[in-house]
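K.L.:
how would this look folded up:
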Amino acid sequence: MTDVETHDSRVLFEVDRDNRIATITLNNPKQRNSYDAAMRDALARHLDTVAEDDDVTVVLLRGAEGVFSTGADMNNAYGWYGNENGSGGPGSGDKPAKSRPSQRRRLTVDRKSFGFYHNFMGFPKVTVGEIGGYALGGGFEMALMTDISVIARDTKIGMPATRFLGPALGSLHMFFHRLGPVLARRMLLTGDIIEAASVEHLGVFTETCSPTAVTARARYWAEKAARMPADGVVMAKEAFRLVEQSQAYQGEEVASYIFHAYGTNLQFAPGEFNFVKTRAQHGTKEAFRLRDEHFYVPEPEET
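P.N.:
Take a look at the predicted model:
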């Protein structure tokens, strides 16, 4: 028996009760399955539904049309922060959401955002990621946070937003724990986008396979995990979380959102690339082109 819910067409939810698997699909393909705050909240609600459903053991997280997710929708970077009363700050009248948010507002919103990632990483049921096309920014974070991750070799992964929001971006504790300090520094300090195949030997993901095999392989792992004892899985997930918190994360999780809030409030020096300003002047598409042009450094020729 299969239950399907589509309250928000951009986040699809389906439950296969015969196999004890719920599937959540990010369904915003025109924007490569990037998500805004409303989509993230819908995703969180579906996860809560699964957490409270004793008959579901596994969540399969995927993106529509072969693309996992390019992360947070950056068409209005400051729009993520909104404000205390729906437009500007207290007493600001009709202050536009795109204006630079206060630091107190950044901390308030970033604490909530990191709460979502905290809950996803410590989710009580098994999470399986079906990852193809692009896994960037928040999409990359979610891909790394899944318990079992199946990724296509040609998937583009990385944190490109560090190039215009700063390297103190995202779940730093998770990056260092799951990528390792060398790769985490390389990706955060350069903003490079790389193919999953280039890190296959490091075992960052559970399985790296051909693009045509990702869907079937992710479903295979989901069905495999779903046959485990449900109570045993929940207890194991809590044990895993305790081990990670005690051995790796400790206070670093709090540090992540604090540094994210303060670290993204950058002052750009002459010659540095200011994405927000460039986008306002030239539009989003041209801003991305100019960003890539600015950060391009040719590889030295071998001698």
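K.L.:
check contacts around residue 29.
P.N.:
Residue 29 sits next to 63-65, 67 when contact means C-beta atoms under 8 Å, 6 or more residues apart in numbering. In this view, the C-beta of every residue, glycine as well, is placed from N, C-alpha and C.
K.L.:
got a winner among these for most neighbours?
P.N.:
Tallying neighbours with other C-beta atoms under 10 Å puts residue 63 at the head of the contacts of residue 29, with 27 neighbours.
K.L.:
which residues does the residue lying closest to that one once chain neighbours are set aside contact?
P.N.:
Excluding the flanking residues, the one nearest residue 63 by C-beta to C-beta, 6 or more residues apart in numbering is residue 33, at 4.0 Å. Residues near residue 33 by C-beta under 8 Å, 6+ apart: 26-27, 63-64, 67-70, 139.
K.L.:
Of the residues you listed, which belong to strands?
P.N.:
If you go by DSSP state E, the contacts of residue 33 have 26, 63 in strands.
K.L.:
of the contacts of residue 33, closest to residue 206?
P.N.:
Comparing the contacts of residue 33 against residue 206 with C-beta to C-beta places residue 68 closest, at 14.3 Å.
K.L.:
taking the mean pLDDT, what do you get for the helix or strand where residue 293 lies?
P.N.:
Element membership for residue 293, per DSSP states H and E: helix 284-295. Averaging pLDDT along helix 284-295 yields 88.
K.L.:
Show me which residues of stretch 180-188 are buried.
P.N.:
Neighbour counts over stretch 180-188 (16 or more other C-beta atoms under 10 Å) mark 183-184, 187-188 as buried.
K.L.:
what residue ranges in the stretch 51-200 of the chain score low on pLDDT?
P.N.:
For the stretch 51-200 of the chain, the stretches with pLDDT under 70 are 75-80, 82-99.
K.L.:
Could you tell me how far the spatially most central residue of the chain is located from residue 271?
P.N.:
Centre of the chain computed as the mean C-alpha position; nearest residue by C-alpha atoms, centre = their mean is residue 138, 2.2 Å away. Distance from residue 138 to residue 271, counting by C-beta to C-beta, to the nearest Å: 29 Å.
K.L.:
Next: residue 238.
P.N.:
Look at residue 238 and residue 271: by C-beta to C-beta, they are 50 Å apart.
K.L.:
Same question for residue 172.
P.N.:
27 Å.
K.L.:
out of those two, which sits in the more crowded spot?
P.N.:
More crowded of residue 172 and residue 271, by other C-beta under 10 Å: residue 172, with 20 against 6.
K.L.:
Which stretches in the stretch 201-303 of the chain count as strands?
P.N.:
For the stretch 201-303 of the chain, the strands defined by DSSP state E, counting those that start in this stretch occupy 207-209.
K.L.:
My guess is residue 68 contacts residue 141. True?
P.N.:
No. Counting by C-beta atoms under 8 Å, residue 68 does not reach residue 141; the two are 11.3 Å apart.
K.L.:
Of those two, which one has the most company?
P.N.:
The neighbour count for residue 68 versus residue 141, taken as other C-beta under 10 Å, is higher for residue 68 (31 against 23).
K.L.:
quick one on the thing from earlier: the contacts of residue 29 into JSON lines, with extra columns for distance to residue 11?
P.N.:
Formatted as JSON lines, the contacts of residue 29 follow (distance: C-beta to C-beta, whole Å):
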{"residue": "63", "distance to residue 11": "11"}
{"residue": "64", "distance to residue 11": "10"}
{"residue": "65", "distance to residue 11": "15"}
{"residue": "67", "distance to residue 11": "15"}
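K.L.:
now stretch 288-301, how far from the chain's geometric center?
P.N.:
In terms of C-alpha atoms, centre = their mean, to the nearest Å, the centre of stretch 288-301 is set 24 Å apart from its chain centre.
K.L.:
about what we covered before: let me see the contact set for the residue nearest to the centre of the chain.
P.N.:
By C-beta under 8 Å, 6+ apart, the contact list for residue 138 reads 35, 69, 71-72, 117, 170.
K.L.:
again, only this time at 7 Å
P.N.:
Applying C-beta atoms under 7 Å, 6 or more residues apart in numbering to residue 138 gives the contacts 69, 71-72.
K.L.:
Now do the residue nearest to residue 139 when sequence neighbours are not counted against residue 112, distance only.
P.N.:
Among residues not flanking residue 139 along the chain, residue 69 sits closest, at 3.0 Å (C-beta to C-beta, 6+ apart). Using C-beta to C-beta, residue 69 is found at 19 Å from residue 112.
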